[in-house]
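Chemist: When you get a sec, could you give me coordinates for this:
(one chain, ligands or ions: 1)
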Amino acid sequence: MATKINRQEAPLHFFAPCPRGLESALIDELTQFCVTSPQPAQGGVQFQGNWNTCYRANLESRIASRILWQIATQTYRNETDIYDITHAIPWHEWFSTNNTIRVNLTAIKSPLRSLDYTTLKIKDAICDKFRDITGHRPSVNTAQPDIRIHGFLDAKKFTLYLDTSGEALFKRGLRKKAGEAPLRENLAAGILRLTGWRPDVPLLDPMCGSGTFLLEAAQIALNIAPGLERHFAFEKFNDFDQTQWQRLKQNAIAAQLPRIARPIYGSDLYGDALTDAQINLSAAGLAETVKLKQANILEISPPASNGILVVNPPYGVRIGEQQTMMELYPKIGDLLKKKFSGWHAFILSADPALPKLIRLSTSRRTPLFNGALDCRLFEYKMVSGEMRKRKNANNLHRETPATYNN
Ligand SMILES: C[S@@+](CC[C@H](N)C(=O)[O-])C[C@H]1O[C@@H](n2cnc3c(N)ncnc32)[C@H](O)[C@@H]1O
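Modeler: The predicted model follows:
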């Protein structure tokens, strides 16, 4: 049924898509923004709230890709139903014909024959509704629309969302240089949450590339809201509450911290990668918070007696790289075992050879998707030799210490 806009009373229904595997991390995060009834779905979280919740989720979420407001969900049989459901919605109450639009449609098990044709029907229904009521229609702009409408079809149901974010939320505008295979910012932030890292714990990324983990961690440590420097689609909505939005932004600015509790460390084998990381951190005003060094991962030493090491090694898709990685994994295992006792290491990889070659026992493996790449986040708890002996003797612990498998 189409949702009639009612900003004061009825709770609004939202869907926040995120990288697959981060749904529970996103629920944890959204709970901080006072959302109600968060429920995991594949590749996102459904929740309820009001416009304040929506503004806050856009401003502060590091893990969501977008915040979509659900405006209709109804059963359908054919394209005519899709047109009618869309036409019944009071689009003219929410935005104006001065705004450009774009319609995106995705489907799973839909009986309809053409997604392109159905997308056109949705666009026509919106434009016809505007023309019926106002005499004008909005223009389409697929590259930089003001307003994005997302449709989703399953076998029986058609759901329509108005995108409150606009550009995806992981586009923070911080990364000026991307380097080789950079992680999406929201995947990096979600992984940091999964590691349990807190700003008073040392953090090291020894293959930092353009510095995505470092940038996210530095912002988290300084409590900088990721959306402070950008604009959102909801600012174009007819009922946009400028006063409420400015208040939220001022609160976020007031909550920022002047300095971080512990430095964050990054290194990479290549000078070019470090230059990218340096440029990105400086552009974000975060250069002071991160210590960078050019080093081979095999030659680094831990910068503190304990901490969290998080790393996203090259996947080895290029010719020659795979062989290099096969030789590197056992050596990384050796390094962790010999030098990083007391640390927790987290390795994100899509390489099925890694777990065997690294020759350490995994404490936890979390399935995650890096775009379409099916990855795992492997956790290794590096227990110190003395601790290991004591624990083995007393058999008191449940966790598996990171040791050689053979
Ligand atoms: C997949 S990229 C990391 C991307 C990074 N997470 C980002 O978001 O920009 C892997 C990085 O490992 C670095 N690297 C490769 N071999 C290395 C080694 N032996 N020691 C240190 N860094 C290495 C590469 O230069 C590359 O920057």
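
Chemist: In space, what's closest to the residue in the stretch 101-250 of the chain that the ligand sits nearest to - neighbours in sequence excluded?
Modeler: Nearest residue of the stretch 101-250 of the chain to the ligand (Cβ to the nearest ligand atom) works out as Gly209 at 2.9 Å. Heads up, the C-betas are built off the backbone N, CA and C, glycines and all. Spatial nearest neighbour of Gly209, excluding adjacent residues (Cβ to Cβ, 6 or more residues apart in numbering): Gly179 at 4.6 Å.

Chemist: How about the contacts made by that neighbour?
Modeler: Gly209, Ser210, Asp272, Ala273, Asp276, Ala277 (Cβ atoms under 8 Å, 6 or more residues apart in numbering).

Chemist: tell me the contacts of the fourth one?
Modeler: The neighbourhood of Ala273, defined by Cβ under 8 Å, 6+ apart, consists of Gly179, Glu180, Cys208, Gly209, Ser210.

Chemist: Now for the last one, how many residues are close by?
Modeler: This points to Ser210. 26 (other Cβ atoms under 10 Å).

Chemist: Flag the shaky bits of the protein, pLDDT-wise.
Modeler: 1-9, 316-320, 385-406 (pLDDT under 70).

Chemist: Pull up the residues of it that are close to the ligand.
Modeler: Listed as neighbours of the ligand in the chain under the rule Cβ under 6 Å from any ligand atom: 179-183, 206-207, 209-210, 212, 268-270, 273, 296-297, 312-314.

Chemist: just the buried members of those?
Modeler: 179, 182-183, 206-207, 209-210, 212, 268, 273, 297, 312-314 (16 or more other Cβ atoms under 10 Å).

Chemist: As CSV, could you dump the C-alpha coordinates of stretch 200-211?
Modeler: Provided in CSV are the C-alpha atoms of stretch 200-211 (Å, rounded to 0.1, in the frame of the first residue of the first chain):
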residue,chain,number,x,y,z
ASP,A,200,42.5,3.4,22.6
VAL,A,201,43.9,0.3,21.0
PRO,A,202,46.9,0.5,18.6
LEU,A,203,45.9,-0.2,15.0
LEU,A,204,48.2,-1.2,12.1
ASP,A,205,47.6,-1.8,8.4
PRO,A,206,50.9,-3.1,7.0
MET,A,207,49.6,-3.2,3.3
CYS,A,208,47.8,0.1,3.5
GLY,A,209,47.6,1.1,-0.2
SER,A,210,45.7,4.4,-0.5
GLY,A,211,44.9,4.1,3.2
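
Chemist: what's the domain layout of the protein?
Modeler: The chain breaks down by automatic domain parsing into domains covering 12-163, 185-224+233-394.

Chemist: What are the boundaries of the strands in this protein?
Modeler: For the chain, the strands defined by DSSP state E cover 12-17, 36-41, 44-49, 68-75, 101-107, 147-153, 157-163, 203-205, 264-268, 290-294, 307-311, 343-349, 364-370, 373-381.

Chemist: Of all those strands, which one comes closest to Asp28?
Modeler: Across these, Asp28 has its closest neighbour in strand 36-41 (9.1 Å, Cβ to Cβ).
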